[in-house]
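*Asks:* Below: sequence and its predicted model.
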Amino acid sequence: MTQTLDTPVLIAGAGPTGLVLASLLSRHGISCVLAERNTHTTKFPKMDITNGASMELLRRLGVDDELRRLGVASQHSFDVIFAPGLDGPEITRWRLPSVDEEWATLRGSPDGTRPGQPWQRCSQAIFEAVMMDRCRRDPLIDVRQGWQLQSCAQNGDAVEATLVDDTGDVLKIRASYGVTGNDGIGDFAYVTTVDPGGQRNYSFGTGDNVYLGFSPSGPARADLKWEETRQTDIGFDAYLLNSLSLTVDVYKKKTVGILQNP
Ligand SMILES: Cc1cc2nc3c(=O)[nH]c(=O)nc-3n(C[C@H](O)[C@H](O)[C@H](O)COP(=O)(O)OP(=O)(O)OC[C@H]3O[C@@H](n4cnc5c(N)ncnc54)[C@H](O)[C@@H]3O)c2cc1C
């Protein structure tokens, strides 16, 4: 089941490229969601030789030692043998140096014309398992195995992507809540004001002279507050059992403390 997520980067596919990309982004402080349609890393050997430039990248991620420890041991050659069967006869052979031999060559030519690291043989099954374990432990990487990217579309400055989990169910949740205020009842209605329009006659002392005075416009209304309108909108889009789609929206609006002129 998928949910609405907000992420600066979505990586679809946790093969070697996705796994390394997620780790590199994290190294630069960028978080991501790493979505892989399979619930597990590959079981097949596939990628075997990781070249020197890639090993330099993996060294920057601090994972080179582990891959070398788990990969083919450094003393074994990379020779490619051409033969009609496993029992020979050998027709010809490409001589390719072992990691140990490569180290010796590279250390002897530190002029930048050669890679900084020898190549390494390491099955893709091992490679992905190591990198996935690392990604899972990384707080900046939200790993979602069993999630398949179904669609994505540009929406203004953002991209909206839909991912389906391995049960085929989709759920996108939308929710919003807000309070708006209304103070449209006139300024200073909460305090007592002096009303210049309501002039009062007043005579001071015992004299007959009548003077005009002012009086308060009414009692103060200390409890007077902004009128509040609370609005809640909750909805969901569901796609279930590969056949049924359902959209539900609930909208509620409630106004409290309605202002009314006396
Ligand atoms: C037999 C064989 C031998 C090979 N030997 C070598 C070698 O020695 N050296 C070498 O460098 N390369 C080798 N390769 C090639 C190597 O396997 C690929 O270069 C490598 O796998 C590419 O990695 P990737 O992450 O780009 O793609 P992939 O490994 O194909 O990974 C893509 C990932 O994305 C996932 N995915 C696909 N679509 C979606 C979707 N919609 N939503 C979510 N997830 C999705 C897939 O499940 C997969 O896990 C070999 C390949 C094979 C088949």
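*Replies:* On my side now, so go ahead. Numbering: from 1, shown residues only.
*Asks:* Right, and the ligand sits closest to which residue of the stretch 151-262 of the chain?
*Replies:* Leu163 (7.3 Å; CB to the nearest ligand atom). C-beta: built from backbone N, CA, C; applies to glycine.
*Asks:* what helix or strand is Thr17 on?
*Replies:* helix 16-27 (DSSP states H and E).
*Asks:* What of Gln148?
*Replies:* Gln148 belongs to strand 147-155 when assigned by DSSP H and E.
*Asks:* list the buried ones in that strand?
*Replies:* By 16 or more other CB atoms under 10 Å, the buried positions in strand 147-155 come out as Trp147, Gln148, Leu149.
*Asks:* just to revisit the earlier point, what's the neighbour count on the residue of the stretch 151-262 of the chain closest to the ligand?
*Replies:* Leu163 is flanked by 23 other residues according to other CB atoms under 10 Å.
*Asks:* Provide the secondary structure category for it.
*Replies:* Following DSSP: H, G, I helix; E, B strand; the rest coil, Leu163 is assigned to strand.
*Asks:* so it touches Leu149, yeah?
*Replies:* Yes: applying CB atoms under 8 Å as the test, Leu163 and Leu149 come out as touching, 5.7 Å apart.
*Asks:* Overlap in contacts, the two.
*Replies:* Shared contacts of Leu163 and Leu149 (CB atoms under 8 Å, 6 or more residues apart in numbering): Ala35.
*Asks:* how about Leu212, phi and psi?
*Replies:* When read as degrees, to the nearest 10, the backbone of Leu212 gives phi -90, psi 130.
*Asks:* again with Gly13
*Replies:* When quoted as degrees, to the nearest 10, the phi and psi of Gly13 stand at phi 110, psi 110.
*Asks:* For the spatially closest residue to it that is not a sequence neighbour, give me its contacts.
*Replies:* With sequence-adjacent residues excluded and distances taken as CB to CB, 6 or more residues apart in numbering, Gly13 is closest to Glu36, at 6.3 Å. Going by CB under 8 Å, 6+ apart, Glu36 touches Gly13, Ala14, Gly18, Val143, Arg144, Gln145, Gly146, Trp147.
*Asks:* most surrounded residue in those?
*Replies:* Result: Ala14 is most packed of the contacts of Glu36 (other CB under 10 Å), 26 neighbours.
*Asks:* tell me the pLDDT at it?
*Replies:* Note on Ala14: pLDDT of 97.
*Asks:* Give me the distance between it and Phe82.
*Replies:* 35 Å (CB to CB, to the nearest Å).
*Asks:* where's the residue of the stretch 101-250 of the chain found nearest the ligand relative to Val164, distance?
*Replies:* Closest residue of the stretch 101-250 of the chain to the ligand, CB to the nearest ligand atom: Leu149 (3.7 Å). Leu149 sits 8 Å away from Val164, going by CB to CB.
*Asks:* again, but for Tyr190
*Replies:* Using CB to CB, Tyr190 is found at 55 Å from Val164.
*Asks:* Could you do Ile126 as well?
*Replies:* Distance, Ile126 to Val164, using CB to CB: 29 Å.
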